[in-house]
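Q: need the 3D shape of this:
(4 chains)
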2 protein chains.
Amino acid sequence: MANQGDMVRDCMSDRIRRLLSERILTGVYEPGHRLVELKIAKELNTSQGPVREAFRELEALGLVEVEPYKGTRVRRLSERDLQEAFEARAVIEQYAAELAAPRLRGNTAELRRQVAAIYKAANSGDIDYYATEDLPFHRRIVELSGNSILVRFWDALQFEVRTRILLSRGKVNLNESHQFHQRIVAALDDGNGKLAGELLREHITNFAEVLGAEADARDAASKLVNGKAAAEAQLT
Amino acid sequence: MANQGDMVRDCMSDRIRRLLSERILTGVYEPGHRLVELKIAKELNTSQGPVREAFRELEALGLVEVEPYKGTRVRRLSERDLQEAFEARAVIEQYAAELAAPRLRGNTAELRRQVAAIYKAANSGDIDYYATEDLPFHRRIVELSGNSILVRFWDALQFEVRTRILLSRGKVNLNESHQFHQRIVAALDDGNGKLAGELLREHITNFAEVLGAEADARDAASKLVNGKAAAEAQLT
DNA sequence: TTATTTTCGATTATTGATAATCTATTGTCA
DNA sequence: TGACAATAGATTATCAATAATCGAAAATAA
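A: Reported below is the predicted structural model:
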């Protein structure tokens, strides 16, 4: 459950990866932003090699795309990417809840605390603050499934998930979300994994759909303006 | 659906990755085998840099483990790793079947062909041959879900899956597997994704459990001999 | 002998330099 | 003018050399 051999490796390339990863996830580098090896190397007082390695790792994580002899840029997510990611996330969390439920029956104090924190964040209206409270709750459920591969997969969806959350400013009914959270924890407290899983799936799918409709409208509009760019976005 | 921008990148590090990946997956390099950067560089008439990059990518794929200043070796899989992988695989395929079913109603000629090929391979008794026919069938179903992330996740489980299949020589009832395959395709042909999904889950879980029991016995025995090593295997 | 320190060989991590390739611009010719 | 080739600048890909680190064997001390 706990981070396995994660003895905070401290070679340059790992530090670079963590730094860039953070910058991408928090939006300092926007999608499409070009990352130049030597530029970053100079900024961090290091050389090209470790930066290259970091790029390759980020590519494996799906944060950047690399084209040989052309360069590395922050991955651009198509609407389809986001949909697929939320679909995958729903599958993982639904099943994780089923696995975690037996372990959680009558033992959900921690999760309740998290739900309360989310509620507070939701009322603040700050979507960024909301995300920092909401995501750990969902991740915790996946952790409690006891399956570390599911956790890895869930983590691998962070870029897409955070992107969509950022896109969602004001579009989501946070009150409804709160009610879902409460019902999910209640089901888990009963040891009813099947129900908890279904609620989670509905909760996540709702979130994706509300925004999907938004995006469809946006896509349709942008296609009228620039059909070619939109088509390319689908391909990359 | 098809491989996106996978324009067979041809830089050295990618070729190295593919080569090593194949050697690991086919068992040329056994778990625990040490990979030395300069040795491989010399063998392939290249230098250390590209090999290092390839290692980092293989690490991200879960094929090797890297310890700074110590080296890189083919990942050793614990029994738990294998169980978790099959659990994850079952989730993915079950859900993929549900998604793919509508598209497959009355349109399963291709899958039937694959099932026939698997049957032929099963009768040959060659487990390696069996795997090369069986895995594409399962992968195809995931592809037909239309969700490329699920395909990526499924691919990420290949190392564990192939390892377990190799371990299974003679222990699996291939006839029963064949019947499952037939029923799965029949359900898909009816457009009954729910049923197809459940059959897939049962099919995969069966496979994992039969071998799990084997492994439990083995583990129990080895624990009596060397409890410490077994405990460590759980951690890595 | 046993435990501790030192040294040495092997290997990884990083660096700085060079080669290969791409993009965009400039210049040439019809 | 417009198409096309040549060139220059920027960037990645690779190489070869050096520094840092580790593990185990050898040497030393108790």
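
Q: any idea how many residues pack against residue A:57?
A: The number of residues packed near residue A:57 is 23, by other CB atoms under 10 Å in any protein chain shown. Placement of C-beta: from N, CA and C, glycine included.

Q: ok, now which ones touch residue A:97?
A: Contact analysis of residue A:97 by CB atoms under 8 Å, 6 or more residues apart in numbering or on different chains lists A:141, A:145, A:184, A:187-188, A:193, A:196-197, A:200.

Q: among those, which one has the most neighbours?
A: Busiest of the contacts of residue A:97 [other CB under 10 Å] is residue A:188, holding 29 neighbours.

Q: quick check: which element contains it?
A: Taking DSSP states H and E as the definition, one finds residue A:188 inside helix A:174-189.

Q: gap between residue A:27 and residue A:36?
A: 19 Å (CB to CB, to the nearest Å).

Q: whoops, residue A:91 was the one
A: Per CB to CB, residue A:91 is found 37 Å from residue A:36.

Q: between the two, point out the one with more neighbours.
A: Each of residue A:91 and residue A:36 had its neighbours counted (other CB under 10 Å), and the higher figure belongs to residue A:91 (27 against 13).

Q: helix or strand right after the helix or strand containing the more buried one?
A: Following DSSP H and E, one finds residue A:91 within helix A:79-104. The C-terminal neighbour of helix A:79-104 among helices and strands, as given by DSSP H and E, is helix A:109-124.

Q: show me what that following helix is in contact with.
A: Counting contacts by CB under 8 Å, 6+ apart, the residues outside helix A:109-124 that touch it are A:104, A:129-130, A:132-134, A:136-137, A:140-141, A:174-175, A:177-178, A:181-182, A:185, A:188.

Q: just the helices in chain A please.
A: Counting by DSSP state H, chain A forms helices over residues A:12-25, A:37-43, A:48-60, A:79-104, A:109-124, A:127-143, A:148-156, A:158-167, A:174-189, A:193-225, A:227-235, given from the N-terminal end onward.

Q: now distance to residue B:48 and mean pLDDT too, for these, in CSV please.
A: As requested, the helices of chain A are arranged in CSV below (distance: least, CB to CB, whole Å; pLDDT from 0 to 100):
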stretch, distance to residue B:48, mean pLDDT
helix A:12-25, 14, 95
helix A:37-43, 17, 96
helix A:48-60, 10, 96
helix A:79-104, 35, 94
helix A:109-124, 46, 90
helix A:127-143, 37, 92
helix A:148-156, 29, 96
helix A:158-167, 31, 90
helix A:174-189, 50, 89
helix A:193-225, 45, 70
helix A:227-235, 35, 30
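
Q: show me what contacts the residue lying closest to residue A:19 once chain neighbours are set aside?
A: Leaving aside its sequence neighbours, residue A:19 sits nearest to residue A:44 (CB to CB, 6 or more residues apart in numbering or on different chains; 7.5 Å). Residues counted as contacts of residue A:44 (CB under 8 Å, 6+ apart) are A:12, A:16, A:19, A:51.

Q: roughly how far apart are the nearest residue to residue A:183 once chain neighbours are set aside and DNA strand D?
A: Nearest in space to residue A:183, with sequence neighbours left out and distances taken as CB to CB, 6+ apart, is residue A:199 at 5.5 Å. When distance is defined by CB to the nearest atom of the strand, to the nearest Å, residue A:199 is 45 Å away from DNA strand D.

Q: is it true that residue A:199 touches residue A:180?
A: Yes: with contacts counted by CB atoms under 8 Å, residue A:199 reaches residue A:180, the gap being 6.1 Å.

Q: out of those two, which sits in the more crowded spot?
A: Under the criterion of other CB under 10 Å, the comparison of residue A:199 against residue A:180 puts residue A:199 first, with 24 against 18.

Q: show the contacting residues for the more buried one.
A: Residues counted as contacts of residue A:199 (CB under 8 Å, 6+ apart) are A:180, A:183-184, A:187.

Q: any idea how far residue A:12 lies from DNA strand C?
A: According to CB to the nearest atom of the strand, residue A:12 stands 3 Å off from DNA strand C.

Q: quick one: contacts for that residue?
A: Contacts here follow CB under 8 Å, 6+ apart; on that basis residue A:12 touches A:44, A:46, A:50.

Q: what of residue A:163?
A: Residues near residue A:163 by CB under 8 Å, 6+ apart: A:31, A:77, A:82.

Q: switch to 7 Å and redo it
A: Going by CB atoms under 7 Å, 6 or more residues apart in numbering or on different chains, residue A:163 touches A:77, A:82.

Q: DNA strand C contacts on chain A?
A: Those residues of chain A that sit near DNA strand C, judged by CB under 7 Å from any atom of the strand, are A:11-13, A:45-50, A:53, A:69-70.

Q: what do you get if the cut-off is 10 Å, keeping everything else the same?
A: Taking CB under 10 Å from any atom of the strand as the test, the list of chain A residues beside DNA strand C reads A:9-16, A:37-38, A:41-42, A:44-54, A:67-71.

Q: how far away is residue A:197 from residue B:59?
A: Residue A:197 sits 32 Å away from residue B:59, going by CB to CB.

Q: my bad, should have said residue A:114
A: Using CB to CB, we find residue A:114 at a distance of 32 Å from residue B:59.

Q: residue A:60 too?
A: When CB to CB is applied, the distance between residue A:60 and residue B:59 equals 8 Å.

Q: if you drop the residues flanking it in sequence, what lies closest to residue A:175?
A: For residue A:175, the nearest residue in space outside its immediate sequence neighbours is residue A:122; the separation is 7.4 Å by CB to CB, 6+ apart.

Q: what is the burial count for the one you found?
A: Taking other CB under 10 Å as the criterion, the count of residues near residue A:122 is 21.

Q: now do residue A:134
A: In terms of burial, residue A:134 registers 23 neighbours under the definition other CB under 10 Å.

Q: what do you get for residue A:101?
A: A count of nearby residues for residue A:101, using other CB under 10 Å, gives 23.

Q: which residues touch it?
A: For residue A:101, the contact set (CB under 7 Å, 6+ apart) comprises A:188, A:191-193, A:196.
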